[in-house]
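*Asks:* Need a 3D model of the sequence below.
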Amino acid sequence: MFTKRKQKLLSFVLLTALLTWAGGAGSVAAAGGNTSASSRIIDGELYVKASIIPDVIKKVSPSVVAIIGKPADGQGGNRFSLAHGTGVIVKSDGWIVTNAHVVKDMDRIIVVTSDGKEYAGTRKQIDVTSDLALVKINAKGLKAAKFAASPLKIEVGETVIAIGTPVSFALRNTATVGVISGMNRSLSSDYNLLQTDAAINPGNSGGPLVNLKGEVVAINSMKFVDVDIDSMGFAIPADTVQYVLSHFYKYGQVKRPSLGLELEESWSAVVGLPTEEPMTVLALTSGQAEKSGIAVGDQLYAVNGKQVSTVVELNELLKAYLPGQTVSVTLLSEGDLVTRKLVLSASSAH
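*Replies:* This next block holds a predicted model:
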């Protein structure tokens, strides 16, 4: 029969072996020794270090700003009629990314950094399709946020922190903690979104969603609001943010390509069922599409060999291309599976 002391010792040995076999979720030391920065052993059990979340917040907060201004439909001279949101510093010389819907109709933009300094802001670029915009302030030496690398590597259940300016401008740099609730969500959006249960409230829009490395994995964008709905927020993944920012820097706008086709999704795709059913061509909207030999009623299966069943899947695929480039499209046309060459046109969406 094992004594209580021997049972604890055995538990510790088994846990150590398990962690070693798993690649080491953190280095495990003997009793009284050092452990990893994020974990430690107490009575043979692994505990997450309580200070890791405060450490991440301290690291990221200097890169988060609050944005306030007069809405375009403000109530005349009412000085209390203001709109506000959040932004993330992306360059140390005053470049800030936020949501398009935060600043699209905002006048006299004021940006407040985490240390309380105020700057006049200028709206530079805006892309309503992705709901992203760039704001510039006249400042130097700011701390730019670190974005997670593309392609984004994140898992459902991973802990994330939202930082922003919820409800009131007086609540700047509020932090809330949750997990990634879902991946590849498409909700009246042109690109995939991340879902999170971290509290996101009006004013959080444009703020960062960060992982426990202090990397921005997404920009908070929207939430479902209803008396029967709790903790359903959505954010623009870092790879989409980087795609849009790279176009802003290079071209001053997003040069978004289009097949030049009006497409209808299958019933299964519309209601959210897993499907490989093709989309149907309803209309040709560009001269290049008309020259390609594609006809109304054709069914689109793939672009450059990659299957697409929804408009969001197609938009995600087209992020790798520019208008004027040529792609191959695979379609079912009059009962035959055919391949057409198609020159991408410039999308009218901005």
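
*Asks:* my guess is residue 258 meets residue 288, correct?
*Replies:* No. The pair residue 258 / residue 288 is not scored as a contact, 9.3 Å apart, by Cβ atoms under 8 Å. Quick note: C-beta positions are derived from backbone N, CA and C, even for glycine.

*Asks:* any residues in contact with both of those two?
*Replies:* 344, 345 (Cβ atoms under 8 Å, 6 or more residues apart in numbering).

*Asks:* Going by residue numbers, what spans are strands in the stretch 151-300 of the chain?
*Replies:* Counting by DSSP state E, counting those that start in this stretch, one finds strands in the stretch 151-300 of the chain at the ranges 159-164, 174-185, 193-196, 208-210, 216-223, 233-237, 257-258, 261-264, 279-284, 299-303.

*Asks:* Contacts for the third one, please.
*Replies:* Meaning strand 193-196. 154, 160, 162, 178-183, 185-187, 209, 217-218, 221, 232-237.

*Asks:* buried set for it?
*Replies:* Across strand 193-196, burial judged by 16 or more other Cβ atoms under 10 Å covers 193, 194, 195, 196.

*Asks:* Now list the buried members of the contacts of strand 193-196.
*Replies:* 154, 160, 162, 178-181, 185-186, 209, 217-218, 221, 232-237.

*Asks:* I'd guessed residue 333 sits against residue 295; true?
*Replies:* Yes. Using Cβ under 8 Å as the test, residue 333 is close enough to residue 295 to be in contact (6.4 Å).

*Asks:* Which single one of the buried residues of strand 193-196 is nearest to residue 345?
*Replies:* residue 193 (25.9 Å; Cβ to Cβ).

*Asks:* Read off the pLDDT value for that closest one.
*Replies:* In this model, residue 193 is scored at 94, pLDDT.

*Asks:* so how far is residue 183 from it?
*Replies:* 9 Å (Cβ to Cβ, to the nearest Å).

*Asks:* Same check on residue 101?
*Replies:* Residue 101 is 23 Å from residue 183, where distance means Cβ to Cβ.

*Asks:* How about residue 113?
*Replies:* Plainly put, residue 113 is 32 Å away from residue 183 if you go by Cβ to Cβ.

*Asks:* Next: residue 315.
*Replies:* 16 Å.

*Asks:* Then residue 312?
*Replies:* Residue 312 sits 13 Å away from residue 183, going by Cβ to Cβ.

*Asks:* and what of residue 233?
*Replies:* Using Cβ to Cβ, one obtains 14 Å as the distance from residue 233 to residue 183.

*Asks:* now residue 140
*Replies:* Distance, residue 140 to residue 183, using Cβ to Cβ: 38 Å.

*Asks:* One more: residue 238?
*Replies:* Look at residue 238 and residue 183: by Cβ to Cβ, they are 13 Å apart.

*Asks:* cool, and residue 61?
*Replies:* 26 Å.

*Asks:* Kindly report the same for residue 150.
*Replies:* Relative to residue 183, and taking Cβ to Cβ, residue 150 is found at 15 Å.

*Asks:* okay, residue 5: pLDDT?
*Replies:* pLDDT, residue 5: 47.

*Asks:* got it, and residue 25?
*Replies:* Residue 25 carries a pLDDT value of 39.

*Asks:* Does residue 114 touch residue 172 like I think?
*Replies:* Yes. Assessed by Cβ under 8 Å, residue 114 is found in contact with residue 172 at 7.5 Å.

*Asks:* Have a look at those two and say which one is more surrounded.
*Replies:* Using other Cβ atoms under 10 Å as the criterion, residue 114 and residue 172 rank with residue 172 on top: 22 against 18.

*Asks:* Quickly note the distance from that one to residue 155.
*Replies:* Residue 172 is 30 Å from residue 155, by Cβ to Cβ.

*Asks:* OK, contacts around residue 90?
*Replies:* So, once contact is read as Cβ under 8 Å, 6+ apart, residue 90 ends up touching 96, 97, 134, 144, 145, 147, 245.

*Asks:* In ChimeraX, how would I select the buried members of those residues?
*Replies:* Remark: buried members of those, expressed as a ChimeraX selection using 16+ other Cβ under 10 Å:
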select :96,97,134,145,147,245
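
*Asks:* Give me the subset of the contacts of residue 90 lying in strands.
*Replies:* 96, 97, 134 (DSSP state E).

*Asks:* Of these, which is the nearest to residue 119?
*Replies:* Among these, and counting by Cβ to Cβ, the member closest to residue 119 is residue 96, at 9.6 Å.

*Asks:* what bridges to that closest one?
*Replies:* Counting by DSSP bridges, residue 96 forms beta bridges with residue 89, residue 135.

*Asks:* Tell me how far it lies from residue 132.
*Replies:* Following Cβ to Cβ, the distance that separates residue 96 from residue 132 is 11 Å.

*Asks:* Could you check the pLDDT of residue 168?
*Replies:* Looking at residue 168, its pLDDT stands at 78.

*Asks:* What is the burial count for it?
*Replies:* So residue 168, with other Cβ under 10 Å, has 12 neighbours.
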